[in-house]
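Peer 1: Give me a model of this one.
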Amino acid sequence: MKPKTFKKHLIFWIALLSSWISFIIIPFFWFLPFAFWLIILFVLWIKKSNLKWYLIGLSSWTILPFLSFCFGINFYFNGNAHLKTTGYPFLGFGNLDKKYRVYNSTSGCLVTGIEPLLHTPNNLAIKLCTKIFGYQKGAYSGFYPTFKQSNELINQYGQELPYTIGKDSLYFTNESYNYKLRMITFFHGYEMDPSIAKVKMVSHKNELIIVGITSDSLKVFHLIDRKTGENFAKYIGNRENNRAY
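Peer 2: Sure thing, here's the model as predicted:
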């Protein structure tokens, strides 16, 4: 092997291996091997070396995002897709996404920097499939009210609902179906006593059940898919100003 050819192969293997090592061992410093990979790719491109195609095709910078995109498509068609993000789950994080009708998931608060390479392709695949084919199978596809709309519907059409209180949960029956809702007893310095809370329910077009739980200071609305019984969203708000937190 000629010295120049040997040198090309050497830097090729260094760039290729460093791309995988950065993901496996040192993800916090991924930008260093990535910058090196870009430089080597540029050099191989200028030299018109066929190694550039191997560097693109075998590198973690292309394979992992591609796999993430493919997994996103697979999850969508299997009905268990999630929009991925980072950080501590915020209020409403567990609610079904109103636009794409999938749930969120987080990889945690420890961010290494490579998350966009893994999360973004997955999210892109799910959004693209939703725009082309519609909501994923099994997802609630009906009316999805806001906190304000839920409050108005409960106030206008809500009927008081008999219920029982268990450990951190509220149980009620509607049309022979039994439902269990997780109770919010303390939020933003306000307390809710389940034993004296008023519970009302309203049904919307045989697709949605809204359960409103009101105490002296809090209002909690649970949105339930009538077909599956799934509690797909929950709003918490202040009773005085009727605003969601």
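
Peer 1: residue ranges of the helices in this protein, please?
Peer 2: Taking DSSP state H as the test, the helices found in the chain are 3-24, 31-46, 51-58, 60-78, 115-133, 147-157.

Peer 1: what angle separates the shortest one from helix 3-24?
Peer 2: Put plainly, it is helix 51-58. 20 degrees (axes from the mean of the first three to the mean of the last three C-alpha atoms, to 10 degrees).

Peer 1: what about helix 51-58, average pLDDT?
Peer 2: Helix 51-58 shows a mean pLDDT of 90.

Peer 1: Against residue 143, how distant is the residue most central in space within the chain?
Peer 2: Geometric centre of the chain, nearest residue: residue 104, 1.4 Å, by C-alpha atoms, centre = their mean. Distance, residue 104 to residue 143, using C-beta to C-beta, to the nearest Å: 21 Å. To be clear about C-beta, it is placed using only N, CA and C from the backbone, and glycine gets the same treatment.

Peer 1: Same check on residue 199?
Peer 2: For residue 199 relative to residue 143 (C-beta to C-beta), the value is 21 Å.

Peer 1: So for the two, which residue has more residues nearby?
Peer 2: residue 199 (20 against 13; other C-beta atoms under 10 Å).

Peer 1: what's the burial count for the closest residue to the more buried one other than its chain neighbours?
Peer 2: Excluding the flanking residues, the one nearest residue 199 by C-beta to C-beta, 6 or more residues apart in numbering is residue 161, at 4.7 Å. Using other C-beta under 10 Å, residue 161 is surrounded by 18 other residues.

Peer 1: Residue 161 reaches residue 172, doesn't it?
Peer 2: Yes - using C-beta atoms under 8 Å, residue 161 is in contact with residue 172, at 5.4 Å.

Peer 1: Quick check: beta-bridge partners of the closest residue to residue 153 other than its chain neighbours?
Peer 2: Distances taken as C-beta to C-beta, 6+ apart place residue 202 nearest to residue 153, at 5.1 Å, with adjacent residues excluded. For residue 202, the beta-bridge partners are residue 210 (DSSP bridges).

Peer 1: so how far is residue 14 from residue 202?
Peer 2: Distance of residue 202 to residue 14, given as C-beta to C-beta: 65 Å.

Peer 1: Looking at these two now, which is surrounded by more residues?
Peer 2: Applying other C-beta under 10 Å to residue 202 and residue 14 shows that residue 202 carries more neighbours, namely 19 against 14.

Peer 1: List the contacts of the closest residue to residue 76 other than its chain neighbours.
Peer 2: Distance criterion C-beta to C-beta, 6+ apart; nearest residue to residue 76, sequence neighbours excluded, is residue 129 at 4.4 Å. By C-beta atoms under 8 Å, 6 or more residues apart in numbering, the contact list for residue 129 reads 72, 73, 76, 77, 81, 136.

Peer 1: any idea of the pLDDT on residue 129?
Peer 2: With respect to pLDDT, residue 129 has a value of 97.

Peer 1: One more: residue 187?
Peer 2: Here, the pLDDT recorded for residue 187 equals 55.

Peer 1: Return the distance of residue 231 relative to residue 119.
Peer 2: With C-beta to C-beta as the criterion, residue 231 and residue 119 are 26 Å apart.
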